[in-house]
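Peer 1: Got a predicted model here, sequence first, then my questions.
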Amino acid sequence: MDSDQKAPSQPKFLRTFLDVLLNENLWRAIAVQVVAVLLAVLIGAIILIVSGANPLEAYAALLRGSFGTPTALGRTLEKATPLIFSGLAVAFAFKAGMFNIGAQGQLLFGAITAAFLGFTIHGLPAFIHIPLALIGGAVAGGLFGIIPGALKAYRGVHEVITTIMLNYIAINITDYLADGPWKDTSPGNVVARTPVIDPAAAIGRLGPVPIGFIIAIVMALIVWWLLQKTTVGFEIRMVGLNPDASRYAGIKVARTLILTMVISAILAGIGGAIETQGVVGRFQPGFNTGLGFDGITVAMLGKTHPFGTIPAAILVGAMKAGSSEMQFASGVAKEITDVIQALILFFVAADVIIRSLLRMRAVGGEEVKLSSGWGKQ
Amino acid sequence: MQNSMTTYSPWTRFFLRSRGTLIGGVGLIAIILFFYIWLPVETVAVLNATVRLSTPLVLGAMCGLMGERAAVINIGIEGQMLMSAFIAFLFNVWTDNLPLSVLMGVLTGALMGLLLAFMAVTLKIDQIIGGTVINILAVGLTGYFYATGLTVERGLGPIIIPGLSEIPLIGPVLFKNPPITYTAIILVFVIHYVLFYTKWGLRTRAVGEHPRAADTVGINVYKMRYVNVILGGALAGLAGAFLTLEAVGSFERNMTNGRGFIALACMIFGRWTPLGSWGAALFFALFTALATQISFMFGNTINIPHQAFGILPYLFTIIVLAGMGKRVRSPAADGVPYIKE
């Protein structure tokens, strides 16, 4: 707003960027998040003291294991990568007022499809094989997203039911594939898993930073652009804010709902593909458990903003990465990080408490209530 | 649809709304009788498992609908169940007093309900986030305080009702169950009655549909929401106690294993009604039990992967819902915090 007068000659993208950066509300929101994290850590410390552990020692180990060394930092970013995708998936569906609990299943399909394309095809150069497997994962996830989208749009079936049920269906199908037709038949293998993917399909690292993480950030930018700068994005947000008004305004609500669910599922699918190509190196049942559900946490911590999912995913990823070190070094069970995560989410959501602590006014602006789409069509 | 909602009594409305379900029900009874004559032992086993498996689902679903009828969305059923399962288990380990353990499980659920109500009603946090907080908190706290190697002396066994349990088919299925299973079935009817035939139920629904109007006629919106969510939590607590005291007999990390979410699906499937939720829970449990039984009987003789059976309950739920294809409608004010003027 102000930057229009300050720098009229700057290129448009820079102005947009400055708008975002100079936005006072953004910094207020960040202050609230930081205080929320501090409060959660404080309460976590109280629980640790009560249960007889040393919180300083535990937190030091947690920090060491998540940011202490380049390796630790790389592990944190590696853990954060699929969470950015599942967080984006959940956040994106929320924009149209839909609750995608099925990111888990979509992610599994993405992961196993990328593994399949990775281990069956050999001899392709990496610059073709990597995107091929990624797109395969995206398509598999997206196809899986058509089901809840279409059932909601045309049959009025609540997407919460279908996505929950489809999660279990995805778990069964991928279990079957990894233990049946696509099983790793190398000598000595008894567990259910696919063969290792061709090295040409593997996504590597730039120094300590996994390339998958960079793809995730680019994807967050694309999602933001799609939502804020395109007609489709406008229609999606419009349907999320008021489906009836959208219908009268001539937006094809059914089509928009399906499209939203498919894009959401594509995001989850890519997350699964990157997990296979960048971390696990194959598909193995149980290795991706919970990543989709963590997406709900990440989306909410990030206030369902595409950019918000990045720090949120890094925070959750850091706790995942550092918790083993903490458990090893200080003997504190790693589930305490779940407690801290829940508390962070609580304080971020209950910003009334923190705002009154910081004597801050409420942040205004367009805000979709997450629960507003619950019973709507 | 709109007309039928305003002019008919709840019972008529229920029949009108669920014609399909009722026709299906009659067909189902015919099929059950056919199978009972053909394979009596297996049929009883499947139906028994159905009743048992449906218990935590129907309790969880009723936890959800008590909240949502008063316009508080509860996606934290999973966490409420898990936490209560853990506390009930701990008390069973410490005291070996089963009634006390059940009570502590129920109280834990009620406390989790209080937490949700505090977040949703007083703090006016988005209710989806409130539920997620409860889910993660429960995983964290139970995981953190869980110590392996705790053992219990005993769990809740079946209570055989004399006389009734002698009836063929119905006796062994309905009247040889453990106490929480009986309680769950009774609660379905109690909550149905309370919700649709008492002043309390009318007020609850008023608060869920149009809180401003309810407030205007002197109903305490906040109190109604608090009490309903807390009572709902107690039901989830009973479901948790069922898991550790009646079904499994011990506690494992994350042992609810998605049941709270399936209960949520049952509630929506059952259109926010106790009887509907019960039907949905039985439907889901029946297909789970059938899948297990079929895989047990034929798993070795015909070469079908066990995952194909594992998919059945989920697949059928989706197919049935897609086939019914009616728009479901949640209480009008669902998820909206009430701000008193």
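Peer 2: That came through, no problem.
Peer 1: What are the boundaries of the helices in the stretch 1-150 of chain B?
Peer 2: B:2-7, B:10-17, B:19-38, B:40-69, B:77-95, B:98-117, B:127-145 (DSSP state H, counting those that start in this stretch).
Peer 1: For the fourth one, what does the pLDDT average out to?
Peer 2: Average pLDDT, helix B:40-69: 92.
Peer 1: Who are the contact partners of residue 283?
Peer 2: This is for chain A. The contact partners of residue A:283, by CB atoms under 8 Å, 6 or more residues apart in numbering or on different chains, come to A:111-112, A:114-116, A:174, A:177-178, A:182, A:193-194, A:276. Where C-beta positions appear, they are placed from N, C-alpha and C, glycine not excepted.
Peer 1: That was the other one, I meant chain B.
Peer 2: Residues near residue B:283 by CB under 8 Å, 6+ apart: B:269, B:316-317, B:320.
Peer 1: re the thing from before, return a selection command, for use in ChimeraX, containing the buried ones of the contacts of residue A:283.
Peer 2: Selecting only the buried entries of these in ChimeraX, with 16 or more other CB atoms under 10 Å in any protein chain shown as the criterion:
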select /A:111,112,114,115,116,174,177,178,182,193,194,276
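Peer 1: and residue B:171, what element?
Peer 2: Taking DSSP states H and E as the definition, one finds residue B:171 inside helix B:170-174.
Peer 1: who wins for most neighbours among the contacts of residue B:283?
Peer 2: The member of the contacts of residue B:283 that has the most neighbours, counting by other CB atoms under 10 Å in any protein chain shown, is residue B:269 with 26 neighbours.
Peer 1: any idea how far it is from residue B:256?
Peer 2: 19 Å (CB to CB, to the nearest Å).
Peer 1: Looking at the helices of the stretch 1-150 of chain B, spot the one closest to chain A.
Peer 2: helix B:127-145 (3.0 Å; CB to the nearest CB).
Peer 1: What about contact with chain A: does the closest one have any residue there?
Peer 2: Yes - judged by CB under 8 Å from any CB of the partner chain, helix B:127-145 comes into contact with chain A at B:127-130, B:132-137, B:139-145.
Peer 1: I'd guessed residue A:76 sits against residue A:317; true?
Peer 2: Yes - Residue A:76 is in contact with residue A:317 according to CB atoms under 8 Å; the separation is 5.1 Å.
Peer 1: so what sits against both of these two?
Peer 2: Common neighbours of residue A:76 and residue A:317 (CB under 8 Å, 6+ apart) are residue A:66.
Peer 1: List the contacts of residue 333.
Peer 2: Going with chain A. A:327, B:143-144.
Peer 1: Not quite, go with chain B.
Peer 2: B:71, B:207-211.
Peer 1: make it 6 Å
Peer 2: B:71, B:208, B:211 (CB atoms under 6 Å, 6 or more residues apart in numbering or on different chains).
Peer 1: Residue A:39 too?
Peer 2: residue A:347.
Peer 1: ok, and for the helix or strand containing it, which residues are buried?
Peer 2: Per DSSP H and E: residue A:39 is located in helix A:24-50. For helix A:24-50, a neighbour-count test (16+ other CB under 10 Å) marks A:28-29, A:32-33, A:35-37, A:39-40, A:43-45, A:47-48 as buried.
Peer 1: Equivalent analysis for stretch A:344-356, please.
Peer 2: Using 16+ other CB under 10 Å as the test for burial, stretch A:344-356 gives A:344-351, A:353-355.
Peer 1: Report whether it contacts chain B.
Peer 2: Yes - Stretch A:344-356 is in contact with chain B by CB under 6 Å from any CB of the partner chain, via A:345-346, A:349-350.
Peer 1: what does that stretch contact?
Peer 2: Identification of contacts with stretch A:344-356 by CB under 6 Å, 6+ apart yields A:32-33, A:35-37, A:39-40, A:301, B:123, B:125, B:129, B:133.
Peer 1: what's the first-to-last distance across that stretch?
Peer 2: One end of stretch A:344-356 sits 17 Å from the other (CA to CA, to the nearest Å).
Peer 1: what helix or strand is the residue in chain B that chain A sits nearest to on?
Peer 2: Residue nearest to chain A within chain B (CB to the nearest CB): residue B:330, separated by 2.5 Å. Assigned by DSSP H and E, residue B:330 falls within no helix or strand.
Peer 1: Need phi/psi at it.
Peer 2: Backbone torsions of residue B:330, given as degrees, to the nearest 10, read phi -90, psi 160.
Peer 1: mind listing the helices in the stretch 151-300 of chain A by residue range?
Peer 2: Taking DSSP H, counting those that start in this stretch, the helices of the stretch 151-300 of chain A run over residues A:159-179, A:211-229, A:231-241, A:243-248, A:253-274, A:291-301.
Peer 1: The stretch 201-341 of chain B too?
Peer 2: B:211-216, B:221-241, B:259-269, B:274-298, B:306-324.
Peer 1: among the helices of the stretch 1-150 of chain B, which is nearest residue B:163?
Peer 2: Comparison of the helices of the stretch 1-150 of chain B against residue B:163 by CB to CB identifies helix B:40-69 as nearest, at 18.0 Å.
Peer 1: Pull out the buried positions in the closest one.
Peer 2: For helix B:40-69, burial by neighbour count (16+ other CB under 10 Å) applies to B:42-69.
Peer 1: can you check stretch A:18-25 too?
Peer 2: residue A:18.
Peer 1: Now residue B:160. Its backbone dihedrals?
Peer 2: Torsion angles, degrees, to the nearest 10, at residue B:160: phi -90, psi 120.
Peer 1: next one: residue A:334
Peer 2: As for residue A:334, its main-chain torsions (degrees, to the nearest 10) stand at phi -70, psi -10.
Peer 1: what's the closest non-adjacent residue to it?
Peer 2: residue A:323 (3.5 Å; CB to CB, 6 or more residues apart in numbering or on different chains).
Peer 1: Could you point out the helix or strand that follows the lowest-mean-pLDDT helix or strand in chain A?
Peer 2: In chain A, no helix or strand scores lower on mean pLDDT, DSSP states H and E than helix A:3-6, which sits at a mean of 46. Remark: after helix A:3-6, the chain's next helix or strand is helix A:12-22, criterion DSSP H and E.
Peer 1: before we move on, the earlier item: tell me the one of the buried residues of helix A:24-50 nearest chain B?
Peer 2: Nearest to chain B among these is residue A:47, at 7.6 Å by CB to the nearest CB.
Peer 1: Count the residues that sit near the closest residue to that closest one other than its chain neighbours.
Peer 2: What sits nearest to residue A:47 in space, not counting adjacent residues and going by CB to CB, 6+ apart, is residue A:339, at 6.4 Å. Residue A:339 has 23 neighbouring residues, counting by other CB under 10 Å.
Peer 1: next one: the strand or helix carrying residue A:339 to chain centre, how far?
Peer 2: Residue A:339 is located in helix A:336-349, with elements delineated by DSSP H and E. Relative to the centre of its chain, helix A:336-349 is centred 17 Å away, using CA atoms, centre = their mean, to the nearest Å.
Peer 1: Also stretch B:79-86?
Peer 2: Put simply, stretch B:79-86 sits 14 Å off its chain's centre (CA atoms, centre = their mean).
Peer 1: Give the rounded mean pLDDT of that stretch.
Peer 2: Mean predicted lDDT for stretch B:79-86 stands at 96.
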